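> Would you be able to build a 3D model of this:
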Amino acid sequence: MAEIIITNSEDEAGEIYAKCVADLIERKPDAVLGLATGSSPLAAYRQLAKEVKARNLDVSRVRGFALDEYAGLDPAHPQSYRSTITRTVVEPLGLDPDKVRVPNGNLETIKDAGREYDAAIEAAGGVDVQILGIGTDGHIGFNEPGSSLQSGTRIKTLAEQTRIDNARFFDGDIDQVPTHCITQGIGTIMKARQLVLLAFGEGKAEAIKETCEGGISAFCPASALQLHPHATIIVDEAAASKLAHKDYYRYSYSHKPAWQGI
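As a prediction, this is how the structure comes out:
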C-alpha cells in the first residue's frame, strides 16, 4: 500500500517532495526525474528550486521525462507541455533543456512516438522519481478511466471532464483544448522506482478516497499505485477529507523515523 501523508498546505507537501529529490540528486547527479504538469506539482517545483539553490546542487546532469503532451499542439504554444515544463521546471531549476524530453505530439510522426518514448526512458535507465497529479476522475497522466493498467505510452482521447478541467489554461475556452494527447501509460508510470502523487482541495477528495481505499480498477487509474513497491501520496486536509483511515495515516507518519524520508 502507498504511504499517505496529510499536510497542512501545498508548500508543506512541496517541501517533502523537494527534500526527497534533492537528496536523490546528491546521491545520483544524473538522476532521472519524471515530470508532470497541471497545478498540483507547482508548489513542489518551487520548493525544489529553493532546495537546489540552498544546497548549491549541480543539476547539469539531471535528466527528465514529461508525462504527456497534447496531440497536434505546436510545442511553442504557451500551453503545450513542452512550454509548461520549460517554464515551471527547466528554467527555475536550471536544468539542461536538452536533457529534458517531452512526448512528441506531432501528428505526422505520432504513430511511432509512444514506442520511441518508452525506449528512450529505458535507455536512460528508467525514471528514479515520478511526480504525479490526479484528475477529479482518478486519472494520472492522461490515462482516463478505462485505461489499461499495463499500458505503455500511446495516443488517448481526452475525456470531456478533463477538457473542461483544463479549459482554465486556455482562457476558459474548451474549444481550444485539444481532443487527443500522447501520454505515458499506467504500465510505463509504474516502472518508475518511486512515485509521488500530490493532490489538493476538496475537489480531489473522492478521487483520493478511491485511489487509496477503493479497489484496484482501470476506472480509477490512480488506484494502480496500490501495487507499486514505493509510492507516496501527499495530500492536504481537504483532499484527505473522505479517507476513512486518515487518523492512522497521521499517526503512522508522525511516528516514522526521520532517516527514512519518503
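> what does the helix or strand of the chain with the lowest mean pLDDT contact?
Lowest on mean pLDDT, DSSP states H and E among the helices and strands of the chain sits helix 160-166, with a mean of 87. The contact list for helix 160-166 (CB atoms under 8 Å, 6 or more residues apart in numbering) reads 135-137, 139, 142, 144, 158, 174, 177, 179. Any C-beta I mention is one placed from the backbone N, CA and C, and that applies to glycine too.
> Show the subsequent helix or strand relative to it.
From helix 160-166 onward toward the C-terminus, using DSSP states H and E, the following helix or strand is strand 180-183.
> By neighbour count, which of the contacts of helix 160-166 wins?
Within these, neighbour counts (other CB atoms under 10 Å) peak at residue 142, which reaches 29 neighbours.
> if I look at that residue, how far off is residue 105?
For residue 142, the distance to residue 105 (CB to CB, to the nearest Å) stands at 11 Å.
> Touching both of those two, which residues are there?
In contact with both residue 142 and residue 105: residue 181, using CB under 8 Å, 6+ apart.
> Give me the phi and psi angles of the nearest residue to residue 178 once chain neighbours are set aside.
Excluding the flanking residues, the one nearest residue 178 by CB to CB, 6 or more residues apart in numbering is residue 70, at 4.2 Å. Per-residue torsions, residue 70: phi -70, psi 140 (degrees, to the nearest 10).
> swap in residue 13?
phi -60, psi -40.
> what's around it, how many residues?
26.
> so it touches residue 201, yeah?
No. Counting by CB atoms under 8 Å, residue 13 sits too far from residue 201 to count as a contact (11.9 Å).
> what about residue 117, which helix or strand?
Take DSSP H and E as the rule and residue 117 turns out to sit in helix 110-123.
> ignore the last one, residue 103
Going by DSSP H and E, residue 103 is not in any helix or strand.
> For residue 68, which non-adjacent residue is closest in space?
Distances taken as CB to CB, 6+ apart put residue 183 closest to residue 68, at 3.9 Å, once the chain neighbours are dropped.
> quick one: the one you found and residue 8, what's the gap?
Taken as CB to CB, the span from residue 183 to residue 8 is 32 Å.
> So which of these two has more stuff around it?
Taking other CB under 10 Å, residue 183 and residue 8 do not tie; residue 183 has more neighbours (32 against 9).
> Bridge partners for that one, pull those for me.
When assigned by DSSP bridges, residue 183 has beta-bridge partners residue 68, residue 154.
> which residues does it contact?
For residue 183, the contacting residues are 67-69, 103, 141-143, 153-154, 156, by CB under 8 Å, 6+ apart.
> Can you pick out the most distant pair from these?
The span of those, defined through CB to CB, is set by 69 and 143 at 13.9 Å.
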